[in-house]
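Take this sequence and fold it.
(one chain, ligands or ions: 1)
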Amino acid sequence: MLRNLIFTYIAALIMSACGVSGSSDAESRINQKVDSVMKLMTLDEKIGQMVLYSSGWALTGPTIKSGYLDDIRKGQCGNIFNANTAAYTRKLQKIAVEESRLGIPLLFGYDVIHGHTTIFPISLGESASWDLKAIEKSARVSAIEAAASGINWTFAPMCDISVEPRWGRVSEGAGEDPFLGSKISAARVRGFQGNNLADTLTIMACVKHFAAYGAPLAGRDYNTVDMSERVFQDVYLPPYKAAIDAGAMSVMSSFNEYDGIPASGSKYLLTDILRKKIGFKGLVVTDYTSINEMVNHGIVANEAEAGLLSVKAGVDMDMQGEVFFKYLKKQVESGEVSQKTINDAVARIIRIKFMLGLFDDPYRYCNEAREKRLVYAPAHLEASFDVAKRSMVLLKNSNKVLPLKKGEKIAVIGELASSKQDLLGSWAAVGNINYMNSILDEIKIYNGDANVLYAEGCKKMGEDRSGFAAALSVSRRADKIVMVLGEDSEWSGEAASRTSINIPGVQTELLEKLKILNKPIILVLLNGRPLDLSKENDLVDAMLESWFPGTMGGKAVTHVLFGEYNPSGKLTMTFPRNLGQVPIFYYEKNTGRPLYLPNPKYKSRYIDCPNDPLFPFGFGLSYTTFAYSDIKLSTDKLTENGELKVSVNVVNTGGVLGEEVVQCYVRDLVGSVTRPVMELKGFQKISLKVGESKVVNFTIKPEMLAFHRADMSYGTEPGDYKLFVGGNSRDLKLAGFKLK
Ligand code: GLC
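As a prediction, this is how the structure comes out:
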């Protein structure tokens with residue numbers, strides 16, 4: 001009944017609004033609609049819109065609220081997450097729309113991180129493709145399948161920069177670099193949101209975890225974050241900002257404290273930075289019960305105070321905490337919380353429901369026929385296959401032992417070789433292993449069963465060595481050995497920090513045993529973080545980093561191993577020689593006693609290990625080789641309003657077509673604060689046929705060189721710069737210029 005009243009009211013408004021001239025009005029038209037709905041809402045119903053509960057469909061945190069169906073019915077829960085399928089979301093939507101007083105439609109959120117049913121490589125893997133089109137495509141396909149399954153809001157992209165391989169959630173991000181991380185975050189937002197949120201194949205993105213969640217002390221998830229304001233502004237903030245500038249309409253506040261205040265209660269983060277500095281206009285949702293957890297943090301004495309702190313800090317929606325649900329009404333009635341605060345928060349939420357088209361048709365995402373047609377569509381599987389291949393990083397290939405030749409007798413070893421679930425990685429949404437093959441399956445399909453022998457050898461964890469003998473026996477009968485080793489897919493992701501970054505269990509011990517056979521060993525890695533591969537690097541002939549490559553990962557690994565695709569990935573996180581080097585990242589400072597000083601002792605070094613990593617940021621080999629000619633600069637003086645054109649010639653000097661990620665770095669030699677020894681300022685992924693050469697161009701503008709100076713003002717400083725171009729952050733051609 002009332003619902004019809006609303007729509008009559010809105011219709012009248014739209015009619016009157018139609019008179020509004022010009023286009024300034026999509027915005028004002030929506031605002032009028034929002035106002036019309038707000039005017040009808042009671043305080044209870046407004047607070048209900050600020051409540052987000054998990055359905056019983058999946059569990060992604062420590063608590064579950066029973067009775068959420070009744071809450072929906074009473075208008076006291078306006079948003080649901082972890083609900084899936086067109087049918088189930090339709091069921092819940094029906095309760096909201098047809099049984100609650102005002103019939104305001106629900107938002108449906110879900111962690112569509114790297115795929116929905118068709119799963120793509122984990123985000124850290126995708127980032128190693130350095131292919132923004134491929135990454136956007138992955139998000140686009142994920143959005144299509146999620147939207148077809150009733151979801152209109154994903155809790156992605158995760159934009160957390162991290163230099164901490166002990167932290168399991170590095171698997172969800174884009175690595176250590178703010179420039180690359182910003183480009184990737186923006187690409188993911190474009191993929192999820194498309195050009196129009198009202199399109200039924202787009203979903204709202206959510207920038208998370210705001211902010212600086214990727215820097216927990218000791219790499220322990222949820223631990224304290226403690227960094228300088230300058231590092232926060234120059235390194236950790238840019239990817240969040242890039243995602244918001246790309247149009248992301250929601251932000252998730254993180255579990256961690258920043259500067260002593262938990263993010264979900266931080267006015268500095270959620271209002272001063274997010275709203276005032278960045279200009280974010282969408283909704284802020286907390287992470288899972290992070291309001292409640294402020295009591296544990298010790299910033300408030302009880303949950304009521306936590307709710308007060310968070311709503312005043314700028315939180316619009318309480319994920320799973322029931323704090324707004326329990327305390328906000330009294331706090332408004334007592335005057336502790338202003339009506340304006342509530343109205344502003346609710347207006348942001350209602351506006352987004354209009355933008356998603358939910359008021360026009362609340363069931364627009366709940367079409368079962370469409371779901372059947374779109375989920376696991378062949379084109380989606382093909383896209384996942386393509387992105388998986390592009391994400392893989394060839395770390396070693398001695399004596400060109402790769403690519404394998406069809407028909408060679410191959411021994412495949414390792415539990416992970418026959419695993420399907422592990423190929424999906426963590427946060428694998430509703431990825432279904434019945435729609436996929438293992439690496440072993442695919443190698444058999446490609447190379448013929450008769451040419452493939454298999455032994456598990458050992459489990460992916462634990463101390464059981466009883467399978468070693470069988471692995472040795474099988475390997476003796478093969479020309480080459482392909483070992484698939486690494487981590488269980490749940491050994492990275494949330495609440496999965498490790499104090500070791502070695503390959504778990506006795507997998508490496510098995511490798512040492514097989515080494516005795518003196519046959520070529522190819523190591524395929526399944527892992528969600530940088531690992532310490534120093535020992536394996538000495539033992540094997542080739543190493544392929546395949547991350548957790550997704551639904552089509554078995555086929556992608558096979559096609560790379562057999563040369564159907566020439567690997568083109570580059571690391572986006574530094575791989576250390578050992579954990580003792582961590583944190584280690586390419587944009588380090590020079591220090592007062594850099595390694596190149598002549599004295600043998602008094603300089604920044606270890607007595608038991610080199611300073612440089614095992615594999616540096618930006619590193620990745622190919623089945624071909626590339627040669628870089630000298631860099632050419634359009635000028636050696638970059639003026640305030642000028643731009644510097646950089647060109648470099650790249651030639652494919654090897655025997656097969658290949659792709660190269662040409663990287664451009666700069667170094668500010670002298671600043672009012674110390675400056676990194678290098679910073680990524682450009683990259684291009686190019687494809688070159690055998691013998692083909694290309695001139696690759698970069699443009700450096702003064703604003704790209706800005707940073708937070710000694711007085712914390714943001715801008716550039718005149719002075720000398722070095723400029724580097726190459727295929728990774730170590731092997732580079734050098735040039736120089738002055739910024740005037
Ligand atoms: C989890 C995660 C967050 C996720 C949310 C909803 O605790 O921290 O990344 O989006 O809860 O599942």
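
Could you list the contact residues of this structure toward the ligand?
Proximity of the chain to the ligand (C-beta under 6 Å from any ligand atom) is limited to residues 60, 61, 111, 155, 208, 287, 288, 494. Placement of C-beta: from N, CA and C, glycine included.

Point out where the stretch 501-650 of the chain drops to low pLDDT.
Confidence mapping of the stretch 501-650 of the chain against pLDDT under 70 gives zero matching residues.

which residues in it form helices?
In order along the chain, the stretch 501-650 of the chain carries the following helices (DSSP state H, counting those that start in this stretch): 507-515, 534-539, 553-561.

Low-confidence bits of this structure, can you list those?
Screening the chain residue by residue with the criterion pLDDT under 70, one finds the ranges 1-23.

Enumerate every residue touching the residue most central in space within the chain.
Nearest to the geometric centre of the chain sits residue 173, at 3.0 Å (C-alpha atoms, centre = their mean). By C-beta atoms under 8 Å, 6 or more residues apart in numbering, the residues touching residue 173 are 123, 124, 127, 158, 159, 160, 161, 162, 181, 214.

Would you tell me which one of those residues comes nearest to the ligand?
Relative to the ligand, the closest of the contacts of residue 173 is residue 158; by C-beta to the nearest ligand atom it sits at 6.6 Å.

Now do the contacts for the residue lying closest to the closest one once chain neighbours are set aside.
What sits nearest to residue 158 in space, not counting adjacent residues and going by C-beta to C-beta, 6 or more residues apart in numbering, is residue 172, at 4.3 Å. Under the criterion of C-beta under 8 Å, 6+ apart, the neighbours of residue 172 are 113, 122, 123, 124, 158, 160, 426, 427, 493.

List buried members of the residues you listed by neighbour count.
Members of these that pass the buried threshold by neighbour count (16 or more other C-beta atoms under 10 Å) are listed as 113, 122, 123, 124, 158, 160, 426, 427, 493.

and those as a markdown table, adding secondary structure?
Putting the buried ones among the contacts of residue 172 into a markdown table (DSSP: H, G, I helix; E, B strand; the rest coil) gives the following:
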| residue | secondary structure |
| --- | --- |
| 113 | coil |
| 122 | coil |
| 123 | helix |
| 124 | helix |
| 158 | strand |
| 160 | coil |
| 426 | coil |
| 427 | coil |
| 493 | coil |
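
Residue 587 is in contact with residue 674, isn't it?
No: the criterion here is C-beta atoms under 8 Å, and residue 587 misses it with residue 674 at 11.6 Å.

Taking the residues of the chain next to the ligand, tell me the two that lie furthest apart.
Pairwise distances across those (C-beta to C-beta) peak at 13.6 Å, for the pair 61 and 208.

Leaving out the residues flanking it, which one is nearest to residue 690?
residue 652 (5.8 Å).

Kindly report the same for residue 462.
Distances taken as C-beta to C-beta, 6+ apart put residue 505 closest to residue 462, at 5.2 Å, once the chain neighbours are dropped.

Count the residues that sit near the one you found.
20 (other C-beta atoms under 10 Å).

where does the residue nearest to residue 158 sit relative to residue 359, distance-wise?
Using C-beta to C-beta, to the nearest Å, residue 172 is found at 33 Å from residue 359.

Tell me which residue of the stretch 351-500 of the chain lies closest to the ligand.
Ranking the residues of the stretch 351-500 of the chain by distance to the ligand (C-beta to the nearest ligand atom) places residue 494 first, at 5.4 Å.

what residues are up against that residue?
60, 168, 169, 221, 426, 427.

the strands in the stretch 301-450 of the chain, which residues?
With DSSP state E, counting those that start in this stretch as the criterion, the stretch 301-450 of the chain has strands at 318-319, 393-397, 410-413.

If you could redo that for the stretch 551-700 of the chain, that was the one I meant.
According to DSSP E, counting those that start in this stretch, the strands that the stretch 551-700 of the chain contains are 626-628, 632-633, 637-638, 644-652, 658-668, 679-688, 693-700.

what's the closest of those strands to residue 601?
Of all those, the one in closest proximity to residue 601, counting by C-beta to C-beta, is strand 658-668 (26.3 Å).

Just want the residue of the stretch 201-350 of the chain that's nearest the ligand.
residue 288 (3.7 Å).

Tell me how far the nearest residue to residue 641 once chain neighbours are set aside lies from the ligand.
Ranked by C-beta to C-beta, 6+ apart and with sequence neighbours excluded, the top spatial neighbour of residue 641 is residue 702, at 7.6 Å. Residue 702 sits 37 Å away from the ligand, going by C-beta to the nearest ligand atom, to the nearest Å.

now residue 521
In this structure, residue 521 lies at 37 Å from the ligand, with C-beta to the nearest ligand atom as the measure.

burial count for that residue?
Should you count by other C-beta under 10 Å, residue 521 turns out to have 23 residues around it.

Report the beta-bridge partners for it.
residue 481 (DSSP bridges).

Verify the stated contact: it with residue 510.
No: between residue 521 and residue 510 no contact is recorded; they are 10.8 Å apart, counting by C-beta under 8 Å.

what is in contact with these two at once?
Taking C-beta under 8 Å, 6+ apart as the contact definition, residue 521 and residue 510 share the neighbouring residues residue 483.

Please give the element, helix or strand, for the nearest residue to the residue of the stretch 201-350 of the chain closest to the ligand once chain neighbours are set aside.
Counting by C-beta to C-beta, 6+ apart, the nearest residue to residue 288 once its immediate chain neighbours are dropped is residue 61, at 3.5 Å. Secondary-structure element containing residue 61, defined by DSSP states H and E: none, the residue being outside all helices and strands.

show me what contacts residue 496?
Contacts for residue 496 (C-beta under 8 Å, 6+ apart) come out as 168, 169, 221, 426, 490, 528.
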